[in-house]
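Participant: Here is a sequence together with a model predicted from it:
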Amino acid sequence: MALIQVNNFASTGGGNATRSSLFLTMLFKNFLTYLYFYFRPFIKWFLRRFTRLCELQRICYGSPAGAARTRQVEMSLQLSRRREIREMMNILDNEVEHCSEYELRELVKKMVMTVMMAKKIKPRNHPDFARLFGECVEQIWGYRRLICIVEAIRTDQYDPDNLNNEKKLFQLWSLLMPDDRLESRITKQWQDIGFQGDDPKTDFRGMGLLGLENLLFFSSEYNSAARHVLSHSHHPNHGYTFAIVGINLTSMAYRLVKAGKAKTHFYNITRRAPRIEHFHKFYCYLFFEFDRFWISSKPKSIMDFSIIQEKFERNILSVLDEDSTVFKMNNLVVEHI
């Protein structure tokens, strides 16, 4: 599990020097990127002549499985000028929102065949290419399909007249407060697990059912960890509203995934198309680590939440920049405070 730390600058001068250094670094990286894309056609031609392999073959054979390979494949496909490849990419883009996992895999097979024909890659001479490239394509468009699934759950608003919605809400209470019985549907008891008022339905407006589904998954799959985090939220000096913070972290997870910032994690966590369970586990990791980060930051009050969350998100983004990053919920260390 990645350790998240906050770096505080001792003085304003140190902060200005660091900002200048970051600016120069970014400028240098942009210059190198410009040079690469300018000379890219020549580089590709030279390497093709020298290695007798196309760019996609070199990536699949030379890069380790996971984000390191898949992100390069994704970039190569985005820059492809071949008409048949771009047409197949458009088909995948149009179908991915509504297709099933089986239909996605069938589309992946078509993409693999399209590339192999366009690049004149013979299966007999390159028996591993179809499998390696196919895994990358499934990850790329599986991630895009996951965004559609997450978005659909987010836009589905909590409905108190929907018995399934109500059942999940009561289940959340039972998992977090197994020794306490709810007095009624609308009660101040909901504040014990971090909702703002007497009726939790109003707190789900921003993230819809996605907020409830995330909280429920965390509480059911990692019940011991969730209840310890809940106990931390009741701390007399560093407490916070468990459910509200959880919904805010749903928003953070949603933003990271939709913006493509979380690709590194999802490309490393599975060789196949990521499922909604992978998103829930990503959320659980964020919640568990945020709780640790919050306590270690020793906030003066809940009013420090925005500042601490911004620091936490910046640290997560920094970790996600590494191709080897993968967040796992294995072997959770539950700390008592």
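Facilitator: Cool, got the structure.
Participant: So what touches stretch 211-231?
Facilitator: Stretch 211-231 is contacted by residues 153, 158, 165, 168-169, 171-172, 175-176, 193-194, 203-204, 242-243, 246-247, 249-250, 253, 277, 280-281, 283-284, 287-288, 291, 329, 332, 334-336 when judged by CB atoms under 8 Å, 6 or more residues apart in numbering. Using the backbone N, CA and C atoms, a C-beta is placed for each residue, glycine as well.
Participant: One more pass at 6 Å, please.
Facilitator: 168, 172, 175-176, 204, 242, 246-247, 250, 280, 283-284, 287-288, 291, 332, 334 (CB atoms under 6 Å, 6 or more residues apart in numbering).
Participant: most centrally placed residue in the protein?
Facilitator: Closest to where the C-alpha atoms of the chain average out (CA atoms, centre = their mean) is residue 262, at 3.7 Å.
Participant: Distance of that one relative to residue 161?
Facilitator: Distance of residue 262 to residue 161, computed by CB to CB, to the nearest Å: 34 Å.
Participant: same deal with residue 222?
Facilitator: Distance, residue 222 to residue 161, by CB to CB: 30 Å.
Participant: neighbour count winner among the two?
Facilitator: Comparing residue 222 with residue 161 by other CB atoms under 10 Å, the one with more neighbours is residue 222, at 20 against 6.
Participant: I'd like to know how far residue 215 sits from residue 194.
Facilitator: Taking CB to CB as the measure, residue 215 falls 9 Å from residue 194.
Participant: residue boundaries of the helices in the stretch 101-250 of the chain?
Facilitator: Using DSSP state H, counting those that start in this stretch, the helices of the stretch 101-250 of the chain run over 101-118, 129-155, 163-176, 208-221, 223-233, 242-258.
Participant: wait, which of these is closest to residue 63?
Facilitator: Closest to residue 63 of the helices of the stretch 101-250 of the chain, according to CB to CB: helix 129-155, at 9.6 Å.
Participant: so what's the residue nearest to the centre of the chain scoring on pLDDT?
Facilitator: Predicted confidence (pLDDT) for residue 262: 97.
Participant: how many neighbours does residue 327 have?
Facilitator: 22.
Participant: ok, and the closest non-adjacent residue to it?
Facilitator: Nearest non-adjacent residue to residue 327, counting by CB to CB, 6 or more residues apart in numbering: residue 285, 4.2 Å away.
Participant: Good, wrapping up.
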